[in-house]
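S.K.: Fold the following and give me the result.
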Amino acid sequence: MKNKKIGFIEAFSIGVGGMVGGGIFAVLGLTISLAKGAAPVAFMFAGLIALLTAYSYVKLSLRYPSEGGTIEFIVQAYGNGLFASLVNTLMLISYVIMLALYAYAFGSYGAALITGGEAPWLHTALSVGVIIVFTVVNLLGALLTGKAEDIMVFIKLGILLVFAGVGFISVDWQHLSPSHWESIPSIAAGGLMIFLAYEGFELIANTAGDIENPQRNLPLAYYSAVIFVIFLYIAIAMVAVGNLTLEEAQTAKDYVLAKAAEPFFGKAGFVLIGIAALALRYFEWNSP
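M.R.: Numbering: from 1, shown residues only. Got it, this is the predicted structure:
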């Protein structure tokens, strides 16, 4: 039986869904610490790198369409030998590092949501606990979320678009002035750090063999997904920087999005973003 082809919208959703999630919650505060008022510039810098990387993925996806995605590209380049195995192992290690970072973010937002501030013991307990819980879930083979990815894309986007849209009302544009920018090396470092938040568009490569009209839809899905997320992240960074002093952002860097929602949503905003961050961690660990 012939598999049903997926269209541009589905491929676009996979790319955006892969990018929008844990990264923006986990490392935004660190990027603000590095770049200060130039955090939106750092996001633009990282986005341009993502766009250049997407260009390579377009060419490779059209040349080697496969469900293997990035792994297939490595095998095609270096053969199915030791070197390719080492590179793929490094990819797996990077996923472990990302999960550790997401667990840390889970602990940060969870502790802040429960106690309203820093609680190192609770932070550590939540970080370790969430890894243990979902390790057990995966070992048991429990499928807790079903086919929830498309729904989660819209939920994630809805939360962040509301945050960005409403947040502009209370932005203090002085916080974004060049007088509050860090040096170019620091801005570049912030951009490299936030590049983590753009990882995920490469999942489109796994659909290359099943997408209809790939010569049109693959490039369109890659580029539109990355460009959309670039503008979204820049808007989020502007709202976060514009609604907090640098001292406040530094103090709350592990849960800066929740803190940045307080000026326009009050305490309810802190709670809403905190719950959203925890929910996103849950669904990302359990996505099929």
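
S.K.: I'd guessed residue 206 sits against residue 64; true?
M.R.: No - Residue 206 sits out of contact with residue 64 when judged by Cβ atoms under 8 Å, with a separation of 11.8 Å. Where C-beta positions appear, they are placed from N, C-alpha and C, glycine not excepted.

S.K.: Now do the buried residues in stretch 169-187.
M.R.: Of the residues in stretch 169-187, those buried by neighbour count under the rule 16 or more other Cβ atoms under 10 Å are 171, 175, 176, 180, 181, 182, 186, 187.

S.K.: all helices of the stretch 51-200 of the chain, in order?
M.R.: Along the stretch 51-200 of the chain, counting by DSSP state H, counting those that start in this stretch, helices occupy 70-78, 82-115, 120-140, 149-167, 184-194.

S.K.: can you tell which of those is closest to residue 210?
M.R.: Relative to residue 210, the nearest member of the helices of the stretch 51-200 of the chain by Cβ to Cβ is helix 70-78, separated by 13.8 Å.

S.K.: Looking at the closest one now, give me its mean pLDDT.
M.R.: Mean pLDDT, helix 70-78: 84.

S.K.: same thing with stretch 102-119?
M.R.: 73.

S.K.: Quick one: the buried residues of stretch 169-187 as JSON lines, columns for pLDDT and distance to residue 262 too.
M.R.: Converted to JSON lines, the buried residues of stretch 169-187 look like this (pLDDT from 0 to 100; distance: Cβ to Cβ, whole Å):
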{"residue": "171", "pLDDT": "88", "distance to residue 262": "14"}
{"residue": "175", "pLDDT": "89", "distance to residue 262": "15"}
{"residue": "176", "pLDDT": "90", "distance to residue 262": "19"}
{"residue": "180", "pLDDT": "88", "distance to residue 262": "20"}
{"residue": "181", "pLDDT": "91", "distance to residue 262": "24"}
{"residue": "182", "pLDDT": "90", "distance to residue 262": "24"}
{"residue": "186", "pLDDT": "91", "distance to residue 262": "27"}
{"residue": "187", "pLDDT": "92", "distance to residue 262": "26"}
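
S.K.: Could you single out the nearest of these to residue 119?
M.R.: residue 175 (27.9 Å).

S.K.: That closest one against residue 245, yeah?
M.R.: Yes - between residue 175 and residue 245 there is a contact under Cβ under 8 Å: 7.2 Å.

S.K.: in stretch 77-92, what's buried?
M.R.: Neighbour-count burial for stretch 77-92 flags residue 84 (criterion: 16+ other Cβ under 10 Å).

S.K.: any idea which helix or strand of the chain has the worst average confidence?
M.R.: Using mean pLDDT, DSSP states H and E, helix 267-286 stands out as the lowest-scoring helix or strand of the chain, at a mean of 61.

S.K.: Can you pull out the low-pLDDT segments for the stretch 51-200 of the chain?
M.R.: Low-confidence regions of the stretch 51-200 of the chain, defined by pLDDT under 70, span residues 116-118, 134, 137-153.

S.K.: repeat that with 50
M.R.: Judged against pLDDT under 50, the low-scoring parts of the stretch 51-200 of the chain cover residues 141-148.

S.K.: Chain neighbours aside, what residue packs nearest to residue 38?
M.R.: Distances taken as Cβ to Cβ, 6 or more residues apart in numbering place residue 181 nearest to residue 38, at 3.9 Å, with adjacent residues excluded.

S.K.: Settle this for me: that neighbour is touching residue 175, isn't it.
M.R.: No - using Cβ under 8 Å as the test, residue 181 is too far from residue 175 to be in contact (10.6 Å).

S.K.: Mind listing the shared neighbours of those two?
M.R.: Counting by Cβ atoms under 8 Å, 6 or more residues apart in numbering, the contacts common to residue 181 and residue 175 are residue 37.
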